[in-house]
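Novice: Provide a 3D model corresponding to the input given below.
(2 chains)
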Amino acid sequence: GESVGLHLPTLSVQEGDNSIINCAYSNSASDYFIWYKQESGKGPQFIIDIRSNMDKRQGQRVTVLLNKTVKHLSLQIAATQPGDSAVYFCAENYRTGGFKTIFGAGTRLFVKA
Amino acid sequence: GAGVSQSPRYKVAKRGQDVALRCDPISGHVSLFWYQQALGQGPEFLTYFQNEAQLDKSGLPSDRFFAERPEGSVSTLKIQRTQQEDSAVYLCASSPTGVNTGELFFGEGSRLTVL
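Specialist: Sure thing, here's the model as predicted:
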């Protein structure tokens, strides 16, 4: 498959450790946020979301934290596994007579066995 | 399967040629997006449809880019007189609603290489 994220910021973690990926968003009007995972040669895949009236949401092995004051999102992955290796993007939604989803720059996660 | 389908997966065009990229969204999905993803970058918004209406085309980089969704299902992104800077992966995504609190379902993309 084709490689994505060759020039993205990179996070390298040991298998079993926790990972934290950070993201800054840009639009104060954004009211819904999503983390996506993208593997080589594939489209982004939904991981977890959070609405702007929340500051934390937990899923299976993943937690998203939202700090609206500084417009910051983070994704925490517990007990990182080799299958978690991918590029991770945060995305923000805001309404524009419909809606628009805007993606952040992305972080490449390497998991060392 | 029942996912978003894009064709062709790979397209090589000579500079100046016209190309057409097709997206079959998930059946019944109201919203459809096109994104452009250059190597090492995040997806960049191009355009958005709600059913057959193109509500936002602010991301289309030039008038060489045109998108349509005439019957509110299949969409085509057309690029006229392709340039080398158009080389990228073009991603299509759909969403079941027209509200902004839902995930996008992405296809695997169409990789365009302009020589």
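Novice: how deep is residue 42 tucked in, by neighbour count?
Specialist: Since you didn't name a chain, this refers to chain A. Number of residues near residue A:42 (other Cβ atoms under 10 Å in any protein chain shown) recorded here: 17. The C-beta positions use only the backbone N, C-alpha and C, and glycine is treated the same way.
Novice: Sorry, I should have been clearer: chain B.
Specialist: Neighbours of residue B:42 under the rule other Cβ under 10 Å: 22.
Novice: which ones are touching the residue nearest to it when sequence neighbours are not counted?
Specialist: Once flanking residues are discounted, residue B:42 sits nearest to residue A:103: 4.1 Å by Cβ to Cβ, 6 or more residues apart in numbering or on different chains. By Cβ atoms under 8 Å, 6 or more residues apart in numbering or on different chains, the contact set of residue A:103 is A:36, A:44, A:89-91, B:35, B:42-45.
Novice: Select only the buried ones of those in ChimeraX?
Specialist: Restricted to buried positions by 16 or more other Cβ atoms under 10 Å in any protein chain shown, the ChimeraX selection for those reads:
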select /A:36,44,89,90,91 /B:35,42,43,44,45
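Novice: Reformat the contacts of residue A:103 as CSV; add distance to residue A:24, secondary structure and pLDDT.
Specialist: Listed next are these as CSV, based on distance: Cβ to Cβ, whole Å; DSSP: H, G, I helix; E, B strand; the rest coil; pLDDT from 0 to 100:
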residue, distance to residue A:24, secondary structure, pLDDT
A:36, 16, strand, 97
A:44, 18, coil, 96
A:89, 13, strand, 95
A:90, 8, strand, 94
A:91, 13, strand, 93
B:35, 20, strand, 97
B:42, 13, coil, 92
B:43, 17, coil, 95
B:44, 17, strand, 95
B:45, 18, strand, 94
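Novice: Out of the contacts of residue A:103, which comes closest to residue A:67?
Specialist: residue A:90 (12.4 Å; Cβ to Cβ).
Novice: right, and that closest one touches residue A:34 too?
Specialist: Yes. Here residue A:90 reaches residue A:34: they are 7.4 Å apart, a contact under Cβ atoms under 8 Å.
Novice: got a list of what the residue most central in space within chain B touches?
Specialist: Closest residue to the average C-alpha location of chain B: residue B:34 at 3.2 Å, with Cα atoms, centre = their mean. Residue B:34 makes contact with B:23, B:46-48, B:67, B:75, B:77, B:90-92, according to Cβ under 8 Å, 6+ apart.
Novice: same thing but at 10 Å, please
Specialist: B:21, B:23, B:43-49, B:57, B:59-60, B:65, B:67, B:69, B:75-77, B:90-93 (Cβ atoms under 10 Å, 6 or more residues apart in numbering or on different chains).
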